[in-house]
Every structure is written in structure tokens, then in C-alpha cells.
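Enquirer: Sharing a sequence plus its predicted fold:
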Amino acid sequence: MDRKEKIIEEIKKSDKPVSASTLAKKLGVSRQIIVGDVALIRASGTNIIATPRGYILDSKQQNQTYTIAVNHSQEQMADELYTIVDLGGCAIDVIVDHPVYGQLTGKLHLSSRYDVDQFIKKVNNNQAKPLSQLTDGLHLHTIQCPNEDTYQRIVSALDEKGYLFKKEI
């Protein structure tokens, strides 16, 4: 088995994202070698997604995918994401409609409080501004849910908290 096959195998067998550093240690190469290998793997058609916590395979699971529009402050970001994951959803990405660049998407793949905590920690440690700050808090999320009931619970909870965006008529 060559190194690229081993990378795919390590990502497949993990139930959480696998960082380039972790793969590099396991395979005895540099992180940069892994990044290059993953680029080649992607170019060959294997759909590996880079998340803030590492690589995952796009499994196209049986889960249903929905897009929700939300609007909130940066201080409310963790609560919004906790609401999604606590009720059984996975926040796949964040999307904003930038006036100059058009649609900008940031990959998230957050499915637990731990994932959310790590994401918030990374934002804070890097003094980064979330994409939603480019649009005064208005943004979309692609969320993945095991069923329609889970989606409806998430939407209801976000609406109750005042995060769900409702277009004024």
C-alpha cells in the first residue's frame, strides 16, 4: 500500500477529522508532504474535505442537507452552533454573500460541542473575524440532519432564540 492509500485509509477509519500533522507522524513524513499528497488525492477524484480540525472524506451519508439563514452577533456564535449540534445537526459550512466577491463559503463540519469549542478557540487564538462579520451577522449555514424532525427542532430553537433570519415583507 502506498502512502496516498494509507492516508485515505487513516481518514476513512477515523470517526473524527484527521490533521495533517497526525498523518505525518503516523507515516513518518513532514506535514507539507501530507498536504501535497492530499492535493494529489483530491485531483484524482477522491473527495477529501479540509475542515478546521483536519481531513474527512465526503461520505454523502443518508443524512439530509438543509440551508438556513441566520443573523446574530459574534458573541452569539457559540450559542448558535451549540444549538445546531445539541439538537442532532452538523454545521457543514457558513456562507456569506459579499458585495464584491459574491458568495464566500467557509467549511466547518461541526457536529459536537467539542468541535464547536475547538472552532471558537481557533477563532479567538487567531484573533480572526468570522465570515458573518462581513455581512453584519447575516449568513447561511448548510446543516446536515438525520431526518426532517431534527431539522424542524433546530429551526424552532434558532427561531426561539432570535437567530433565524426572517425577511421583512
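Expert: Great, that's in hand.
Enquirer: Specify the residue ranges that define each domain of the protein.
Expert: Per the record's domain assignment (automatic domain parsing), the chain is made up of the domains 3-57, 64-160.
Enquirer: is it possible to export those to CSV including mean neighbour count and mean pLDDT?
Expert: Bear in mind the C-beta positions are built from the backbone N, C-alpha and C, glycine included. Listed next are these as CSV, based on neighbours: other C-beta atoms under 10 Å; pLDDT from 0 to 100:
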stretch, mean neighbour count, mean pLDDT
domain 3-57, 15, 88
domain 64-160, 16, 92
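Enquirer: Distance to Lys166 added to those domains, as CSV?
Expert: As requested, the domains of the chain are exported to CSV (distance: least, C-beta to C-beta, whole Å):
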stretch, distance to Lys166
domain 3-57, 29
domain 64-160, 8
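Enquirer: outside of the helix or strand where Ile49 lies, which residues touch it?
Expert: When elements are assigned from DSSP states H and E, Ile49 belongs to strand 48-51. If you take C-beta atoms under 8 Å, 6 or more residues apart in numbering as the criterion, strand 48-51 is touched by 8, 11, 17, 38, 41-42, 55-58, 107-109.
Enquirer: Spatially, what comes nearest to the residue most central in space within the chain if we skip its sequence neighbours?
Expert: A centroid search over the chain (C-alpha atoms, centre = their mean) returns Leu108, at 1.5 Å, as the residue closest to the centre. Nearest in space to Leu108, with sequence neighbours left out and distances taken as C-beta to C-beta, 6 or more residues apart in numbering, is Ala91 at 4.8 Å.
Enquirer: what's that neighbour in contact with, if anything?
Expert: 81, 84-85, 108-111, 141-143.
Enquirer: and it, which of the three is it?
Expert: Reducing the assignment to helix, strand or coil with DSSP: H, G, I helix; E, B strand; the rest coil, the entry for Ala91 is strand.
Enquirer: Relative to Gln144, how far out is it?
Expert: 8 Å (C-beta to C-beta, to the nearest Å).
Enquirer: mind listing the helices for this structure?
Expert: Shown for the chain, the helices assigned by DSSP state H span residues 3-13, 20-27, 31-43, 77-86, 113-125, 148-160.
Enquirer: can I get those in a markdown table with distance to Thr51?
Expert: Compiled in a markdown table, the helices of the chain are given as follows (distance: least, C-beta to C-beta, whole Å):
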| stretch | distance to Thr51 |
| --- | --- |
| helix 3-13 | 11 |
| helix 20-27 | 12 |
| helix 31-43 | 12 |
| helix 77-86 | 14 |
| helix 113-125 | 9 |
| helix 148-160 | 20 |
